[in-house]
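> Give the three-dimensional model of this entry:
(2 chains)
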2 protein chains.
Amino acid sequence: MTSVTDLDLSADTVSLLEQLVNIESVSLNEQPIADAVEAALRPLAHLDVTRHGNTVVARTALGHGERVVVAGHLDTVPINDNLPAVLDQSNGRDVLRGLGTCDMKGGVAVMLKLAATVPSPNRDVTFLFYECEEIEEKRNGLRRLSETDADLMRADFAILMEPSDAVIEAGCQGNLRVDVTTRGERAHTARSWMGVNAIHRAGEILDRLNAYEARKPVIDGLEYHEGLNAVSITGGVAGNVLPDACTIQVNHRFAPDRSEAEATAYVQEVFDGFEVTVVDSAPGALPGLDRPAAKEFVAAVGGEVNPKFGWTDVARFSALGMPAVNFGPGDPMLAHKQEEFVPIEQLRSCEATLRTWLGADA
Amino acid sequence: MTSVTDLDLSADTVSLLEQLVNIESVSLNEQPIADAVEAALRPLAHLDVTRHGNTVVARTALGHGERVVVAGHLDTVPINDNLPAVLDQSNGRDVLRGLGTCDMKGGVAVMLKLAATVPSPNRDVTFLFYECEEIEEKRNGLRRLSETDADLMRADFAILMEPSDAVIEAGCQGNLRVDVTTRGERAHTARSWMGVNAIHRAGEILDRLNAYEARKPVIDGLEYHEGLNAVSITGGVAGNVLPDACTIQVNHRFAPDRSEAEATAYVQEVFDGFEVTVVDSAPGALPGLDRPAAKEFVAAVGGEVNPKFGWTDVARFSALGMPAVNFGPGDPMLAHKQEEFVPIEQLRSCEATLRTWLGADA
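Below you'll find the predicted structure:
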């Protein structure tokens, strides 16, 4: 018999978050938390709840002309002696500390609280609680849902509640990894003039990387910031042999005004004359802040909007033609750190902002 | 009961070589061949034979004022579908082909033949048949002998019968390996300006390697040729992390007019500003062609004398204060190749040269 943890959706959001954090849900072990989320939401009459693996979808169906997605992943990186959650202080602020508080059960707690307490939103809402965001792409719950039930993901606008310090981060940069390889000719190092040293030839590649100047295009008023970085280098046969190959893996982060194909062409141009092989690639997402639903959300949240430099699952919504933003409690720089925490004040401000935007009393 | 192979020392040198090649003796399996060598030499009244592990020492003790060492290793690199030996042709020359024919049972066959058939040399001779030259330094038979019985190695001059195309190769270059390391600071590649890329910093190291100009000092009339080469490069944390360290292993081959300390100081100067750690080091050996015993040998062999660019066991004799040269049948470029062979003509010319030099009829 499997017992399902009862989540108390009437509790304060901080207490609800504490309950969520204490249900361990390292990637591939999301069943207990997905069971708890499903069990808590299924009794609510205003929601249609469906289950897809360990991804839970809860939708209102009020017949509004507009629908928004609010999404968050249920999994965490591995435990690092940082459970259970503890109330703590950081720089004079009250915080909840523990695995997943920042990335991203803080956002999930806000989603659950809103799902339970905003029965009549002014726009239809699809809450997506998904699995396997922290591990290999093919297991990602949103990816799998987009393959089997893309209709469940469709909306006019999507909010991904990844930690963004409770301000809107719009769009995301694309991510391209290529191997750049030099070739040489082996020889005994005692007679090195008989061969060609492939590692020495890689000097030219590093020179080009050092000469790189990052493009910083402004899109919808947001300044993105590209990057071109070696992330690994390998070469060598033996201690007395001139190496005949050297490979540098280069990671290009590109602003969302470029497609994957354009980014690939750019990298091939930078490394013209060398072998360039694409290792993996993910498209960026345009901020889409010119779309009405996005505009209205930005107005509702107020304050600054930042570009998202990293790649996130907002790109999946973008690929479906939907504008999408990151907006959630927690400092993104704390994600995956042992000492991660979420400030209580950000939990409350994110919840209040979304509650107001959905037409309920703050 | 272990049966010892009977070597027929009265046979022609080519036939003797064939017998030696067909006693498989990959490093650490030298016992059968050492047993055969010992058993063949022990009955000869003009030789004192001693055994040290799988190293066999055979010495004349005629009371001459001069003593020479003639040395060769009994082991080979691993079998590569190249046994047993076969008579063959290469570029119109008769050759014996098979594992160890070139490196270096050709030289060993000549040594055995001379040991058996020159009972009254004009100078005392120490024949050293040693184990484990092809594997890690600490097992090397000459090294072990130098630690336990260095007196057995002492002489006025040493000839190492490593393949040298039957011409004298004098001295040897030293060998130094260092790790040169750059440091940086990790950051997420999506915000690379927050960190410092250690692989990019290695560009300066490769630039210095590319700017290197080899020193070619002339010593005793021989032009050496130094080298400075990256032999491996490693760096990288993960595909989305700015690497905080990059290490290039550099192999410096230095002419024997420099000590290990001088070579190390030179490399530290080249890579000034970077962390430099010595990984291993072996001294060169001066050709010593000004010594009487060496001069006389060069005159006896006639023809050209070449510098030895690689490191060989001649350096061990040099460290004991003895001049030493490489002189043996076979092309050194064929060593460790599957198709290795030794030209019959070089076997015969090396044998004849040494026989004459030892005062016997050619």
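> Report the secondary structure state of A:Leu16.
Three-state secondary structure (criterion: DSSP: H, G, I helix; E, B strand; the rest coil) places A:Leu16 in helix.
> Wait, it touches A:Asp6, no?
No: if you go by CB atoms under 8 Å, A:Leu16 and A:Asp6 don't touch, sitting 11.6 Å apart. To be clear about C-beta, it is placed using only N, CA and C from the backbone, and glycine gets the same treatment.
> The two: which is more packed in?
Ranked by neighbour count (other CB atoms under 10 Å in any protein chain shown), A:Leu16 and A:Asp6 place A:Leu16 first, with 23 against 10.
> Look up the closest residue to the more buried one, ignoring the ones flanking it.
Spatial nearest neighbour of A:Leu16, excluding adjacent residues (CB to CB, 6 or more residues apart in numbering or on different chains): A:Ala109 at 4.8 Å.
> Tell me, how many residues neighbour that neighbour?
31.
> separation between it and chain B?
A:Ala109 sits 25 Å away from chain B when distances are taken as CB to the nearest CB, to the nearest Å.
> That residue sits in which helix or strand?
helix A:106-117 (DSSP states H and E).
> Can you tell me, leaving aside adjacent residues, what's nearest to A:Lys105?
A:Leu20 (4.6 Å).
> no, scratch that, I was asking about A:Ala335
Closest to A:Ala335 by CB to CB, 6+ apart is A:Asp103, at 3.8 Å.
> ok, now how distant is the one you found from A:Pro307?
Distance of A:Asp103 to A:Pro307, given as CB to CB, to the nearest Å: 19 Å.
> Between these two, tell me which one has more neighbours.
The residue with more neighbours, out of A:Asp103 and A:Pro307, is A:Asp103; 26 against 22, by other CB under 10 Å.
> Quick check: residues of the stretch 51-200 of chain A near chain B?
A:Gln173, A:Asn175, A:Arg177, A:His188, A:Thr189, A:Ala190, A:Arg191, A:Ser192, A:Trp193, A:Asn197, A:Ile199, A:His200 (CB under 8 Å from any CB of the partner chain).
> Only the buried subset of those, as a ChimeraX command please.
Those of those that count as buried under 16 or more other CB atoms under 10 Å in any protein chain shown are selected in ChimeraX with:
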select /A:173,175,177,188,189,190,191,192,197,199,200
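> Switch the residues of the stretch 51-200 of chain A next to chain B over to a markdown table; also include distance to B:Ala285 and pLDDT.
Below are those laid out as a markdown table (distance: CB to CB, whole Å; pLDDT from 0 to 100):
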| residue | distance to B:Ala285 | pLDDT |
| --- | --- | --- |
| A:Gln173 | 59 | 94 |
| A:Asn175 | 55 | 94 |
| A:Arg177 | 48 | 96 |
| A:His188 | 18 | 86 |
| A:Thr189 | 18 | 90 |
| A:Ala190 | 13 | 89 |
| A:Arg191 | 17 | 88 |
| A:Ser192 | 20 | 92 |
| A:Trp193 | 21 | 92 |
| A:Asn197 | 26 | 97 |
| A:Ile199 | 29 | 98 |
| A:His200 | 28 | 98 |
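> Can I get the residues of the stretch 51-200 of chain A next to chain B in a markdown table including secondary structure?
Below are these laid out as a markdown table (three-state DSSP):
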| residue | secondary structure |
| --- | --- |
| A:Gln173 | coil |
| A:Asn175 | strand |
| A:Arg177 | strand |
| A:His188 | strand |
| A:Thr189 | helix |
| A:Ala190 | helix |
| A:Arg191 | helix |
| A:Ser192 | helix |
| A:Trp193 | helix |
| A:Asn197 | coil |
| A:Ile199 | helix |
| A:His200 | helix |
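> which one of the residues of the stretch 51-200 of chain A next to chain B sits closest to B:Ala150?
A:Ala190 (26.8 Å; CB to CB).
> quick one, what contacts the closest one?
A:Ala190 sits next to A:Asn240, B:Gln173, B:Asn175, B:Gly227, B:Arg253, B:Phe309, B:Gly310, B:Trp311 when contact means CB atoms under 8 Å, 6 or more residues apart in numbering or on different chains.
> In strands, which of those appear?
In this view, those that belong to strands under DSSP state E are B:Asn175, B:Gly227, B:Arg253.
> re earlier: so the residue nearest to A:Ala335 touches A:His336, yeah?
Yes: contact criterion CB under 8 Å: A:Asp103 and A:His336 qualify, at 6.5 Å.
> can you list residues touching both of the two?
With contacts taken as CB under 8 Å, 6+ apart, A:Asp103 and A:His336 have A:Val77 as neighbours in common.
> my read: A:Ala85 touches A:Gly106, true?
No: with contacts counted by CB under 8 Å, A:Ala85 stays clear of A:Gly106, the gap being 10.7 Å.
> who has more neighbours, those two?
More neighbours surround A:Gly106 than the other of A:Ala85 and A:Gly106, with 34 against 22 (other CB under 10 Å).
> Is it correct that the more buried one is in contact with A:Gly330?
Yes: here A:Gly106 lies in contact with A:Gly330, judged by CB under 8 Å, at a distance of 5.1 Å.
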